[in-house]
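Colleague: Need a 3D model of the following:
(chains A, B, C, D and E)
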Amino acid sequence: MPGKDVKIVGFLCNWCAYAGADMAGMARMEQPAGMRIIRVPCSGRVDPLLVLKAFQEGADGVLVSGCHPGDCHYGSGNYLARRRLELLGRMLPALGIEPERFHYTWVSASEGARWAEIVNTFTEAIKDVDEGS
Amino acid sequence: MIRFPESINAGAALLAEIEKRSGQRLSACYQCGRCTSTCVAAFAFDYPPHRLMRLLQVGMVREVLASRAAQLCLDCMTCSMRCPMKLDVAGVIETAKAVADEAGLKDSERDLRLFRRGFLNNVRRHGRLHEAGLFFWFNLRTNNLFNDAGLLPPMLRKKNFHFVPPRIRHRRQVRRLFQQINGRQG
Amino acid sequence: MEELIPIIKKALEQVDVVLGWAQSPAAGVAVPAFFHTPAEADAAVFDSTCAHNLAVYLPRLADKKVGIVAKGCDARSIAQLIAEGAVKRSGVFVIGASCPGMIDVKKAWRCFGFGKQVCDAAGKVAMEGKTVAREEILLWKCRGCRDPEPVICDVTVGEASSEAPAPPAEPAGIRKRFAAMTVAERRQFWQDQFSRCIRCYACREACPLCVCRDVCTIQAHEPGWAGAAVDSPQSWMAQLIRVNHLAGRCTGCEECERACPVGIPLMLLLEEQNDVVEELFGYRAGGEAKPPFLTFDIKNDTWDEER
Amino acid sequence: MSVYSYFPGCSLSSSATEYDKSFRLVAGAFDIGLDELEDWNCCGASPAPHHWGGDLGILLPARNLHIAGAGHDSMVAPCAGCFNRLKYAQHELSHNDELRRRTERALREPVRYQTEVLNLVQLLNREIDPGDLAGRTRGRLSGIALGTYYGCVLVRPPEIVLYDDPNDPVKMEPLLKAAGATIPHFPFKTECCGSYMGLARKEIVLKASRRIIEVALECGVDALVTVCPLCHQNLDLRQQQINDAFGTDYHLPVLYLTQALGLALGFSPEELGIDAHLSLGISHRTSSFDNTKKA
Amino acid sequence: MLGVFICQCGTNISATVDTGAVAAAAAGMRGVAHAESIQYTCSDPGQAAIGAAVREKRLDRIVIAACSPRMHEATFRRALERAGLNPYMMEMVNIREQCSWIHADTGEATMKAVDLVRKAVARIRAHVPLQGGKTAAVRRALVIGGGIAGIRAALDISAAGIPVTLVEKSPSIGGNMARLDKTFPTLDCSSCILTPLMVEIKQHDHIELMTNAEVDDVRGLVGDFQIDIRRRSTCVDEEKCTGCMICQEKCPAPAPDDFNAGLCQSKAISVAFPQAVPLVASLRKQYCRRFNGGKCRLCQKLCPAGAVDYGQEDEVVSRSFGAVVAATGYGHYDWTGSYPTFGKGLYPDVITSAQYERLLSASGPTGGLIRRPSDGAEPRQVAFVSCVGSRDESAGRPQCCSVGCMYTAKQAILTKEHIPDSQSYIFYIDMRAGGKNYEEFVRRAQTRYGAIFIRGRVGRIFPRRGKLVVMGTDTLAGDQVEIEADLVVLAAGLTAAPGAGELARKLNIACDETGFMAEEHPKLRPVEAAAAGVFLAGACQGPKDIPATVAQAGAAAAKVIGLLSRGELETSPMVSAVNPSRCAGCFKCRDVCPFGAIDKDRLADGLVTARVIESLCRGCGICNAACPPGAISLNGYTDKQLLAELVEVLR
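Modeller: Numbers count the residues shown, from 1 in each chain, chains lettered A, B, ... in the order given. Here you go, the predicted model:
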């Protein structure tokens, strides 16, 4: 079964990405079972430390997803998030974490298929890293 | 009469093979008929393209494999370009033709098969196509000596009609390429 | 640099205290000093051992009017504190000191022995018979210094150094080794490094931009970002919190690393972070602009993150 | 001077020698070096991919790619069919390991297939600056409406040939326009001409090609321009057969792109092999091409 | 004391997740005093079971593992309230959309469900009771779009005594419906239904009509939106203009006639159409000679009312509204790009149904006579092509336009009525006639009006001797079809209205992948948009016919009335709060807050700390993520709660 051993924490904004994940469920799009979604109001709520903490607690991967730029329910939260998260992503190699284990991306409420695709590819990418190391 | 589920069951294996090789999901076709609308050769088909797709959907794969349509398809891909579901209809028909070849179904469109065979054997022999050779060989084999005879005078006038076959140096290498064919020959 | 003393004395006419350096007879190097009166100011020195970033004292003196002797790099810290609103520009009087480059006194002591006078009266590195190339005992940040002149100052002291700043060194020693490591090796590297951490928080206390001080979340029991235990993972997490809170704010003064009693190479993290921030946002802490994580213009934020 | 490997293919060396001739003239005029591929073989044309499982459609062109791999960086295949086969082979060789191994068994060495393969339009667009062309042609084609006929294999399948809009290609236009021609709306520019059915199932070719000519005339086209020898054969050589079969009286000239450009550059119809064209021999437009030469 | 309820959702969850096993696992988790699996937790018996457990076991916090919280969080909060608990002492676990529906393996799905429940159990221990406040709601609604949806919504809302501002982008209200000739399935005249309603809007005391106007900027939130409306300069004083159309008659500058779908020309200064409301002229500067370097001032000179004012400028009007109804309608799919085989728009006699509607209309450019555009001839053979830009993934438009079949049948009927010896051919794929009396209508087109229905998609249209050859297929007969038609009418698909996406962005609501505005839930919240206080009416939410549009407009109006009738709204307690004893006074929170909801607070001991202005806080939590000492927390999403979840799912 794909993704059985890969544990991923997903921080999803309530308005877009979480709704998109719901949409994927409504369309019964099968996904790897390793994803654990934590709902947040906005991707701007995601402190990079939450991501680092997740890695410290043993997550194989962390995914942050919010509304597409320009669509933030709060106007600018995702812009701020992507600044913080982009920096975080670039820092990971120096911290001893494979950058493939972290991904942030934007999913709208209607993009169920996109969400399912993201979970699949991300899980696969992490498995590749695990096998590579 | 099509009996369900017998028909589907009977065609399942072949259909799966065609779907796998062509990379197309036949169930996506909703029979709008646009492939047929755009096909320049459909008038000569026994089944128009959209019916080929439908026959496959309901498991009547053998009818498709044995069809004249599968042989006559020009592979111009107009249907694939127009399909609203982005199905590669031509690719499906092409795959059906290849599967039919492998299954040894050789009854439909004998002349056309003869032409293709003659063409390829001609290339096998010379490395390049000897047009005049193919022309006369085909007309002799089909007992139709005056087929396209009207084209000869202008061709001759153009000095484009060569009686001496072309020859390439490494014909043996070309023949080795022919030995690498996977499907059935003949 | 004798002209410094009258300048401090003059500054004391308008400020409550001037932060500077005085000679420590025991150590043979300069140490930070608070000058409240002109008499005290006679002890002021400025030489190649004045490595301390005095800006660290400013936030806690926010209710006073403070004069401060600042090197180029120190001035960046001051500017950053001002940009973030932690310090008022009107509350500081910056005496900009032309900096010849600071030396790593620990290295100097290793060469000359502890307590030996390592600077002569001219403020140059004195070798007392031993010859050590100046570059070798310079602080890392002084190699290829980008700010020999203070970005912010009210009065300057000393000639602008005619000597060009030492060229940036090729990564050597630990930097070189770290750069060559695989990700997995770095994971192990940090685990080893932080197994030495004694949670003394000297890194935080020395940092001019760690303004939270006694409410710092690293030490907070709740919500429990990092446990208080002295073990490698928790110390590592605690440091990551600090590094994260300095994103886009760290001016690279190296005080944390200098302060670390167990010699953890903290600047590897902060230098990397500063480089990434500069690359991503074209931002270098220590100017007039606020950090990119605090201010941005949505309409012009067209940066394409879908790499 | 940039030099390209040149893959003429069977047609250009037999039934379509005028295409080869005119191509060499135009290339010469623009200092494009052509280095004919050593000992090339037939690309397999339309029958190969449609017979014996279709493998020959890859195996045959693979050898040509392999030969080209030892030569220049880029290879031009003016015949649209050859171009399509070569691109297909390139795609399959890089995606289908099994077939590549079989190819290598026949070639007895690792196959070189990475040479850039260009069609004629690509090559000319790359090498000829429209402004330059306009200066040298001085509008010799002005007043002539050319129907750009691309055919199917030049642009399809788009993910293999990676060239132009598969439904509405336009890449021939800049050069012809620079030469002064007008390009009327011609909706059948990628309609299939009937392909290789001419000998075995003639009625398909005649019906398909008839429609193309009919629509071209409806659109006010004076002559069709093509880059495919097979299309040319069906539309030009068989035009009289079409007239006989449908009782029509079409006299629509069909030119290779290089012939049209050659005329524009001032070469004579004889030099370009245009006198060999059947349809042109009976065309009402012959005079206009004669005029262009005088101009 | 903690209660955990695992919903089976019929078999929606229990088919893949062993809910009994999850409940058993939950019973063993720390602090859990009660755990059970319920068939339908959201049902009355389900909610009653929660209430009973709360009473019996003195539960003070509840975890419910069921569907998405986006679906039933509000339901269960109310259930808690009824059971006497603070509604925020509840945490939902999504084991349906994000578990049972996306996994096939029962073991795996059950394990994940247990993980998720454990995470919620850990999280809810960090919950604290929260109390929402009340805020006054502005008793005025904004309706955006003056088509039939906006008109109906505005009339219905104002009927409840709530004032309405109706904003319309174009010079007149009426929208797409005003352009129709007759409507299916009753064939009653579109104008006859619509025009009286348009007039009623104009005359209504409680309705403020702004035409040539668009929403510029939206601030605030439900109950108190501050919205800037830009009124475009038309160079005509609306108060003075009498709609006499002398200016239009004399204006020398031609301009496209938008109302007639580009079939004819209008003038730079013109009245949109004779029945326009308001009946005033407006000047389009891009076509006017005076604004393009000329000296013409004819309209100003000739206007008997002196209404023309070239110096008129855009005006921005700011208003407060308690609620907003988006009724922006639909746009027409531009088929010319994706259908090169239909001639790319180069054949004048290939027109869209919207254009044909104008040819049929008595108020149209031909006075209701069907004349084809190329030569003005009356067509005899008319081919209708359905699904142009619909059900076509190759054109990036998979959706059904939902009205094409019906209006095409209608147009075939009207064609026969106009030209009795004409013949209509309708190329269709599947005849979709699902509404009341629709099927009968289509049958009538076939039997009484002799339209020939051909099941098959058209492949090509090309000219032949002044006619158009339509090449298609009759899939039922199994053969290709060729028709030489005099006129071809394309049933082009419906798109989101131009600018709808931009408006949605301003209103902070979502659009679906086809560009139409998204409702919160197709069945539970069909007229509510993603932002509270914003409602959807009509085709802006998706293609629909007039009856459905009017019904939805009424529903949106009812929602607005329900929201604003009480005069005050409950505010969410999920806002940020500052713990002053941990605040370092660095004010990074203030720098990042998008709503200016952070203020300075000087404590008694002189320390300066941050303070949240709750009425401005929208609960995004950006400040929380920016606060270094963790002094500011978002209620309901505190660091403590998120860390508890995080640690627990990775256990």
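
Colleague: residues contacting D:Pro78?
Modeller: D:Pro8, D:Gly9, D:Leu12, D:Tyr19, D:Asp20, D:Phe23, D:Asn119, D:Leu120, D:Val227, D:Thr258 (Cβ atoms under 8 Å, 6 or more residues apart in numbering or on different chains). Bear in mind the C-beta positions are built from the backbone N, C-alpha and C, glycine included.

Colleague: again, 7 Å this time
Modeller: D:Leu12, D:Tyr19, D:Phe23, D:Leu120, D:Val227 (Cβ atoms under 7 Å, 6 or more residues apart in numbering or on different chains).

Colleague: Centre of the chain to the longest helix anywhere in chain A, how far?
Modeller: Counting by DSSP state H, the longest helix found in chain A is helix A:112-132. Counting by Cα atoms, centre = their mean, to the nearest Å, helix A:112-132 is centred 10 Å from the centre of its parent chain.

Colleague: again, but for stretch A:77-92
Modeller: Worked out by Cα atoms, centre = their mean, stretch A:77-92 lies 12 Å from the chain centre.

Colleague: Same check on stretch A:22-31?
Modeller: For stretch A:22-31, the distance to the chain centre is 16 Å (Cα atoms, centre = their mean).

Colleague: domain assignment for chain C?
Modeller: Residue ranges for the domains of chain C, per automatic domain parsing: C:1-102+C:139-168, C:170-307.

Colleague: How about stretch E:350-369 and chain D, any contact?
Modeller: No. If you take Cβ under 7 Å from any Cβ of the partner chain as the test, stretch E:350-369 misses chain D, and the best it gets is 11.5 Å.

Colleague: Just the CA atoms of that stretch, as CSV, please.
Modeller: Extracted in CSV, the C-alpha atoms of stretch E:350-369 (Å, rounded to 0.1, in the frame of the first residue of the first chain):
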residue,chain,number,x,y,z
VAL,E,350,-21.8,31.6,-38.4
ILE,E,351,-23.3,33.3,-35.4
THR,E,352,-23.9,32.6,-31.7
SER,E,353,-27.3,31.9,-30.2
ALA,E,354,-27.0,35.2,-28.3
GLN,E,355,-26.8,37.0,-31.6
TYR,E,356,-29.6,34.9,-33.1
GLU,E,357,-31.7,35.9,-30.2
ARG,E,358,-31.3,39.5,-31.3
LEU,E,359,-32.2,38.6,-34.9
LEU,E,360,-35.4,37.0,-33.6
SER,E,361,-36.3,39.9,-31.4
ALA,E,362,-38.8,42.5,-32.6
SER,E,363,-36.6,45.1,-30.9
GLY,E,364,-33.5,43.8,-32.6
PRO,E,365,-31.5,45.2,-35.5
THR,E,366,-33.7,43.6,-38.1
GLY,E,367,-37.0,44.4,-36.4
GLY,E,368,-37.6,40.7,-35.7
LEU,E,369,-37.0,39.5,-39.3
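
Colleague: In a strand, D:Leu255, correct?
Modeller: Yes. Judged by DSSP: H, G, I helix; E, B strand; the rest coil, D:Leu255 forms part of a strand.
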